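**Student:** Below is the structure, and that's it, no one-letter string:
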């Protein structure tokens with residue numbers, strides 16, 4: 001393709017190396033992209049409050065897509081611009097349906113409203129929920145309170161299953177009523193409103209920046225990246241990516257441990 005007009009990258013397992021760092025080579029490549037006035041957009045399953053540390057390492061301002069496409073976040077102003085959320089009735093219905101087939105699940109919700117990022121109050125977990133990324137942030141509340149407010153994302157955890165097993169069961173049980181994906185294989189699925197994926201969030205940013213999808217290059221490594229890679233004009237999977245992502249991509253680059261994002265960007269910038 002011609003020089004891309006927008007770069008979109010997943011964060012964990014893609015832009016960050018295995019030590020959760022933006023390497024010097026990758027930071028330099030991002031700098032060259034920005035010097036050509038091409039937007040570089042973070043597109044992540046992370047909530048807005050987890051974006052600033054990555055943005056600082058990468059030297060980024062502008063937009064980020066968070067919560068698997070449910071949120072568009074302005075890094076500079078620290079404001080949520082758009083939210084595609086789940087209502088409380090849907091949260092209850094989905095949890096009830098999954099619990100009948102997957103007894104022992106525990107749930108958490110990410111919440112967001114348009115306006116300033118809400119910080120720690122935006123995350124709620126029921127008792128017994130174990131976060132694969134550590135429980136320091138857990139805000140433990142009764143299930144009724146966890147599910148009693150609109151959410152940008154429902155997280156469903158089962159420590160006795162893989163995420164692949166959970167996702168297969170959820171797809172069969174929920175039959176398209178919501179969007180189901182995962183970003184780790186450690187017994188966690190992530191549920192959004194129907195049609196809400198990273199592709200939707202990236203399309204929102206492309207519209208804001210006036211860029212056609214054919215001029216977008218996107219990078220990812222896990223199943224929550226698949227729709228984004230298919231939507232973009234050129235979708236790139238990391239060599240360390242999940243098999244389903246490798247199959248969906250237009251190209252496979254080096255792993256995140258070897259600056260795979262930078263290796264592709266070097267062609268144009």
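**Tutor:** That came through fine. If you're wondering where the values come from, they're calculated on a predicted model, not measured in any experiment.
**Student:** Retrieve the pLDDT associated with the nearest residue to residue 160 once chain neighbours are set aside.
**Tutor:** Nearest non-adjacent residue to residue 160, counting by C-beta to C-beta, 6 or more residues apart in numbering: residue 104, 6.6 Å away. All C-beta atoms are positioned from the backbone trio N, CA, C, and that covers glycine. We have a pLDDT of 96 for residue 104.
**Student:** what about residue 104, neighbour count?
**Tutor:** 11 (other C-beta atoms under 10 Å).
**Student:** Kindly report the same for the one 4 residues further on.
**Tutor:** Applying other C-beta under 10 Å, we find 25 residues neighbouring residue 108.
**Student:** And the one 3 residues further on, by the same measure?
**Tutor:** For residue 111, the neighbour count with other C-beta under 10 Å is 20.
**Student:** residue ranges of the helices in this protein, please?
**Tutor:** All helices of the chain, identified by DSSP state H, fall at 24-35, 52-58, 88-101, 143-146, 163-174, 198-209, 226-231, 243-248, 260-265.
**Student:** ok, residues contacting the last one?
**Tutor:** What that stands for is helix 260-265. The contact list for helix 260-265 (C-beta atoms under 8 Å, 6 or more residues apart in numbering) reads 7, 9, 14-15, 23, 25-26, 28-30, 32-33, 217, 219, 236, 238-239, 251, 253-254.
**Student:** Tell me which residues of it come out buried.
**Tutor:** Neighbour-count burial for helix 260-265, counted by 16 or more other C-beta atoms under 10 Å, picks out 260, 261, 262, 264, 265.
**Student:** now swap in the longest one and tell me
**Tutor:** Using 16+ other C-beta under 10 Å as the burial criterion, the residues of helix 88-101 that qualify are 90, 91, 94, 95, 97, 98.
**Student:** what do you get for the shortest one?
**Tutor:** Residues of helix 143-146 classed as buried by neighbour count (16+ other C-beta under 10 Å): 143, 146.
**Student:** Now do stretch 122-140: distance to the chain's middle.
**Tutor:** 18 Å (C-alpha atoms, centre = their mean, to the nearest Å).
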